[in-house]
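# sharing a model that was predicted from the sequence below.
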Amino acid sequence: MSTDYTADEMMSIAAARALGDGMSCFVGIGLPSKAANLARRAHAPNLTLIYESGCLGAKPSHLPLSIGDGELADTADAVVSVPEVFNYWLQPGRIDVGFLGAAQLDKFGNINTTVIGSDYHDPKVRLPGAGGAPEIAASCGEVFIVLRQSPRAFVEKVDFVTSFGHGTGKGDREKLGLPGKGPTLVVTDLGLMRPDPETAELTLTELHPGVELDQAVKATGWTLKVADDLKVTPAPTEQELTVLRELEKA
Amino acid sequence: MSTDYTADEMMSIAAARALGDGMSCFVGIGLPSKAANLARRAHAPNLTLIYESGCLGAKPSHLPLSIGDGELADTADAVVSVPEVFNYWLQPGRIDVGFLGAAQLDKFGNINTTVIGSDYHDPKVRLPGAGGAPEIAASCGEVFIVLRQSPRAFVEKVDFVTSFGHGTGKGDREKLGLPGKGPTLVVTDLGLMRPDPETAELTLTELHPGVELDQAVKATGWTLKVADDLKVTPAPTEQELTVLRELEKA
Amino acid sequence: MAELLSLEEAVGRLVHDGDTVALEGFTHLIPVAAGQEIIRQGRRGLTLVRMTPDIVYDQLIGAGCASKLVFSWGGNPGVGSLHRFRDAVQHDWPVPLEIEEHSHAGMANRYVAGASGLPFAVLRGYTGTDLPAQTETIRPITCPFTGERLTAVPALNPDVTIVHAQRADRSGNVQMWGITGVQKEAVLAAKRSIVTVEEIVDELEPRPGAVVLPAWVVSAVAEVPGGAKPSYAAGYYERDNSAYQAWDEIGRDREEFTKWLNELKGVKA
Amino acid sequence: MAELLSLEEAVGRLVHDGDTVALEGFTHLIPVAAGQEIIRQGRRGLTLVRMTPDIVYDQLIGAGCASKLVFSWGGNPGVGSLHRFRDAVQHDWPVPLEIEEHSHAGMANRYVAGASGLPFAVLRGYTGTDLPAQTETIRPITCPFTGERLTAVPALNPDVTIVHAQRADRSGNVQMWGITGVQKEAVLAAKRSIVTVEEIVDELEPRPGAVVLPAWVVSAVAEVPGGAKPSYAAGYYERDNSAYQAWDEIGRDREEFTKWLNELKGVKA
């Protein structure tokens, strides 16, 4: 039956829905790129995709494997240098949404993609590092994060703050003078989290259809708070699934 | 007879001769541009001309009227933005020679193109201003200046230092940390001046053929020093005159 | 997202009395028609910004639109002086004109800082000159790594930047080529922007050396064929050098200028 | 002025033990052949610089050429980790690797400062992150006009920068198009530079989106068709994604890697 779908498909579709038509989105590679491209195909034809390789307004016909695929340049409104994309386009806060992945995420939306383990110089795992994320997280109007939920990935406190979310809670961004709102949405394979308006702590606001609350709680490395009015994500529509599967095939 | 020539022609030819083949030259408009284009045609086919409008390696077939003529862009190796030409090309000291004009020039090679008169806010004459000259004078390997000689133009001390030459004498550039050698040659319709190696004061080193020493002294607003081995500029060759006249006609 | 408007409407909506306005262009693609529309609409108290104010700035100044000029080289390129600019600076006619004077390198970097969302830019500039003594917006800054002394200039963020380009598409994406000067930076630095274009086309086919300004950073696009005359638009028309020479005569004399101004305004009446 | 040399000669003359070397490229046009030539020639003690060190940097590190890496994102794009990089950082194999870690925005601005002849660059960056505590080359700076606190990073000026481009002409003028990343800045920031190209042509006809590096800012040009493989060269060949996947297996294991390395060196013997 065509409305069967996987948890990963639900995650990508829920992430895509967060992007409205006419927005501009600075796109990280991997899950964020899949969601952003799905959004552009499914419901937001005027979504402007910006990649850190310098592609402004890319309209790829298939999912790019990296942020520097030729397809991104060939279909872009303009290709600019890497210094320009960071200085003229990202830094002034022109871009509505920064869409990021993470290796580790903590309950205040801080992202770690640098090292696992408490010693930077002798890490348990050396991760790829910051890339464009610290400034994307700082300068975009708001930040969406997409990653699969597990207690190893969703931790009380990240081992290393690669990209600043809400620091130690509400008000920290303002104190540091960070212009954007920071993470406003986390999309996982189990549901959605949003920062609590009072504390900025990530709180479960939606479960995907068929997911038990207990699953989400167990997949979170901190004591997960749950919104009073916990909702259920609408299931993927046939159209959404068709577009997503075409995109992955192409 | 074809070897008759004007003082202005002698000036342009003498200025052109100072530019060697393979050099790069940041070209001011007017007399400097004429001299630089003449050099490229006459004896320095590999002279790289750089214009502040962003044209790198321009090869105009006729004399440009402004630093932004379409011909400069059409014939350039690359056209870059105005910020780029100043930041990436001029500022790091990549360019061998800055070729400038002036409204007023003093005996230490300082240039004024801002105001005539001692009161900036109530000037006798308001001139166009600095343009690219202050940084051209600072950053090029050396600076050549070309202008017609008169006591009004060649003054003891300029009313306003728009572009720094040798300040108040030898060693001032080093004190300020200016990278280039500053003005090493002034070409006029009467002869050539060069900074004295000891004092940096502009000193007459060559007279054009047929010019009397007295003419040059009277056309200078300070007590002009004369080199011990004052020479006479070689007269324009037929080839130089032919090329110059073709250039002015085209 | 760029709206397609008439020039009259674009200037009417986006340029206000007292605004800081940059009409940029470096010999090529000068937004002359837009400048003259500002004169027609009688704006007052503008702070005009431009690296190379030329005859359209002379016209704006002579018409009394400006109370301040921020610039680095003011002249009639290839001809000589701007007489209305001189008359305003030297004799306050028709109104006093305050000036803030920089070098090209300084102005270019001020736009870069503005486009980059930074409050200032750093350069090697002005050293040894008399400019810092006259211009408050030139200050020293020390490298936190080497201790070296350099120069800082503050960002330029015009209320509105106006440029002229060859083309836009129907969505308002703008394409310009040839000498494009500091126009991208000036548009990105501004709070609002107007782009006049030679033509609006269905599709912007890629061109060597083209700069594209996406529609989402432009406020309004107005189709104004010939809108850069008497300057030139590569691919469309050449520079009318005689018009620059003719301006010398007109601009030199208050009466001649006033006659010219009345004619310009009459065109609309 | 650029000399046309063989790759072997260019690397032999211009890359020395202990040099700071940047081989730049952003997914597209990675100078892989040049990196492998450095391995063949057995350079030691290099400080390697790159925003996005990928498999050719993993190879250089695994071969023991590098003692330090300056970078902002080290990974096998679309595949995963760089195992030789991890092994060097975590277990000093085959030699210890010091790291100096930045963000992309910081690295890009460090090259811009280097290309501009400035000792540092200013950005809004790193705020609130743990990077400044680990990286000495990130410092605060105050705006002399607004008093605002920003971040400064020092210029990068490699001893030699190596990039790959589509074309050069016989004079050594270089043309590249598509995603050109930070290559212009990296070349202009360097004391010396090598450009490998797909082909040397009689004339560089203008192309949309092309960046031209004039011959007088390039030290050497070497014709190396396929020199960016397994990355891609727009207009010439596509990315070989399977080679990136295959590297994961090779790089993961010291023995497998050593076998690969011996084969690489054997190619020359």
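Received the coordinates, thanks. What you are looking at is a predicted structure, and each value in this text was computed from that prediction instead of being measured.
# and the strands in chain C?
C:3-4, C:20-23, C:46-50, C:66-71, C:98-101, C:120-123, C:139-142, C:149-154, C:160-169, C:174-176, C:192-201, C:211-213, C:220-223 (DSSP state E).
# and the shortest one, what's its mean pLDDT?
Pointing back at strand C:3-4 there. Across strand C:3-4, pLDDT averages out at 98.
# likewise for the last one?
The predicted model assigns strand C:220-223 a mean pLDDT of 98.
# do the same with the third one
Across strand C:46-50, the average pLDDT comes to 98.
# and it with strand C:66-71, angle?
20 degrees (axes from the mean of the first three to the mean of the last three C-alpha atoms, to 10 degrees).
# just to revisit the earlier point, need the strands of chain C in TSV (columns: distance to residue A:129 and mean neighbour count).
Glycine gets a C-beta too; all of them are placed from N, C-alpha and C. Formatted as TSV, those follow (distance: least, C-beta to C-beta, whole Å; neighbours: other C-beta atoms under 10 Å in any protein chain shown):
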stretch	distance to residue A:129	mean neighbour count
strand C:3-4	42	16
strand C:20-23	39	26
strand C:46-50	40	24
strand C:66-71	42	21
strand C:98-101	43	18
strand C:120-123	27	25
strand C:139-142	30	16
strand C:149-154	30	21
strand C:160-169	37	27
strand C:174-176	36	26
strand C:192-201	37	22
strand C:211-213	31	24
strand C:220-223	41	23
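# of all the ones you listed, which one comes closest to chain A?
Across those, chain A has its closest neighbour in strand C:211-213 (4.0 Å, C-beta to the nearest C-beta).
# for that closest one, name the packing helices and strands.
In terms of contacts (3 or more C-beta pairs under 8 Å, 6 or more residues apart in numbering or on different chains; DSSP states H and E), strand C:211-213 is packed against strand C:174-176, helix C:183-189.
# now with 6 Å, please.
Other helices and strands packing on strand C:211-213, by 3 or more C-beta pairs under 6 Å, 6 or more residues apart in numbering or on different chains; DSSP states H and E, are strand C:174-176.
# in its sheet, what does the strand it packs on sit against?
strand C:160-169 (antiparallel), strand C:211-213 (antiparallel) (DSSP bridges).
# can you get me a residue count around the nearest residue to residue A:188 once chain neighbours are set aside?
Excluding its sequence neighbours, the residue lying closest to residue A:188 (C-beta to C-beta, 6 or more residues apart in numbering or on different chains) is residue A:149, at 3.9 Å. When neighbours are counted by other C-beta atoms under 10 Å in any protein chain shown, residue A:149 registers 25.
# which residue ranges of the chain form helices?
Using chain A. Assigned by DSSP state H, the helices in chain A fall at A:7-17, A:31-42, A:70-74, A:82-84, A:133-139, A:172-176, A:213-218, A:238-249.
# the intended chain is chain C.
With helices called from DSSP H, chain C shows them at C:7-14, C:32-40, C:55-62, C:83-91, C:104-115, C:131-134, C:183-189, C:241-252, C:254-268.
# now render the ones you listed as a markdown table, adding mean neighbour count and mean pLDDT.
Compiled in a markdown table, the helices of chain C are given as follows (neighbours: other C-beta atoms under 10 Å in any protein chain shown; pLDDT from 0 to 100):
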| stretch | mean neighbour count | mean pLDDT |
| --- | --- | --- |
| helix C:7-14 | 19 | 98 |
| helix C:32-40 | 23 | 98 |
| helix C:55-62 | 26 | 98 |
| helix C:83-91 | 22 | 95 |
| helix C:104-115 | 29 | 98 |
| helix C:131-134 | 18 | 98 |
| helix C:183-189 | 27 | 98 |
| helix C:241-252 | 16 | 96 |
| helix C:254-268 | 13 | 90 |
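# can you redo those as JSON lines with distance to residue D:127?
As requested, those are exported to JSON lines (distance: least, C-beta to C-beta, whole Å):
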{"stretch": "helix C:7-14", "distance to residue D:127": "33"}
{"stretch": "helix C:32-40", "distance to residue D:127": "39"}
{"stretch": "helix C:55-62", "distance to residue D:127": "40"}
{"stretch": "helix C:83-91", "distance to residue D:127": "44"}
{"stretch": "helix C:104-115", "distance to residue D:127": "18"}
{"stretch": "helix C:131-134", "distance to residue D:127": "31"}
{"stretch": "helix C:183-189", "distance to residue D:127": "22"}
{"stretch": "helix C:241-252", "distance to residue D:127": "49"}
{"stretch": "helix C:254-268", "distance to residue D:127": "51"}
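# and of those, who's closest to chain D?
helix C:104-115 (8.6 Å).
# wait, does that closest one contact chain B?
Yes - interface with chain B: helix C:104-115 contributes C:104-105, C:108, C:112 (C-beta under 6 Å from any C-beta of the partner chain).
# now the closest residue to chain C within chain A: closest residue in space, sequence neighbours ignored.
Nearest residue of chain A to chain C: residue A:92, at 3.0 Å (C-beta to the nearest C-beta). Among residues not flanking residue A:92 along the chain, residue C:117 sits closest, at 3.0 Å (C-beta to C-beta, 6+ apart).
# okay, and the beta partners of the residue most central in space within chain A?
Nearest to the mean C-alpha position of chain A, by C-alpha atoms, centre = their mean, lies residue A:145 at 2.4 Å. For residue A:145, the residues forming beta bridges with it (DSSP bridges) are residue A:100, residue A:186.
# report the closest residue of the stretch 51-200 of chain C relative to chain A.
For the stretch 51-200 of chain C, C-beta to the nearest C-beta, closest residue to chain A: residue C:117, 3.0 Å.
# so what's the residue count around that residue?
22.
# make CSV out of the helices of chain C and add distance to chain A.
Listed next are the helices of chain C as CSV, based on distance: least, C-beta to the nearest C-beta, whole Å:
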stretch, distance to chain A
helix C:7-14, 18
helix C:32-40, 23
helix C:55-62, 26
helix C:83-91, 31
helix C:104-115, 5
helix C:131-134, 26
helix C:183-189, 5
helix C:241-252, 33
helix C:254-268, 36
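# out of those, which is closest to residue D:201?
The minimum distance between residue D:201 and the helices of chain C falls on helix C:183-189, with 29.8 Å, by C-beta to C-beta.
# from the chain's centre, how far out does that closest one sit?
11 Å (C-alpha atoms, centre = their mean, to the nearest Å).
# which residues touch that helix?
A:88, C:22, C:24, C:111-112, C:114-115, C:156-157, C:161, C:163, C:193, C:211, C:213 (C-beta atoms under 6 Å, 6 or more residues apart in numbering or on different chains).
# list the buried residues in the longest strand seen in chain A.
As assigned by DSSP E, the longest strand anywhere in chain A is strand A:225-232. Of the residues in strand A:225-232, those buried under the neighbour-count criterion (16 or more other C-beta atoms under 10 Å in any protein chain shown) are residue A:225.
# still on that earlier bit, ok, which of the strands of chain C comes nearest residue D:167?
Once those are compared by C-beta to C-beta, strand C:211-213 is nearest, at 22.2 Å.
# quick one: average confidence on the closest one?
pLDDT averaged over strand C:211-213 gives 97.
# can you pull the residues of chain A lying near chain C?
A:56-57, A:77-78, A:87-88, A:91-92.
# mind picking the two most distant members of these?
A:77 and A:91 (19.4 Å).
# what separation is there between residue A:7 and residue B:248?
Per C-beta to C-beta, to the nearest Å, residue A:7 is found 77 Å from residue B:248.
# so which of the helices of chain C gets nearest residue A:72?
Among those, if distance is taken as C-beta to C-beta, the winner is helix C:183-189, at 20.7 Å.
# state the distance from residue C:49 to residue D:171.
Distance from residue C:49 to residue D:171, by C-beta to C-beta: 40 Å.
# and what of residue A:191?
62 Å.
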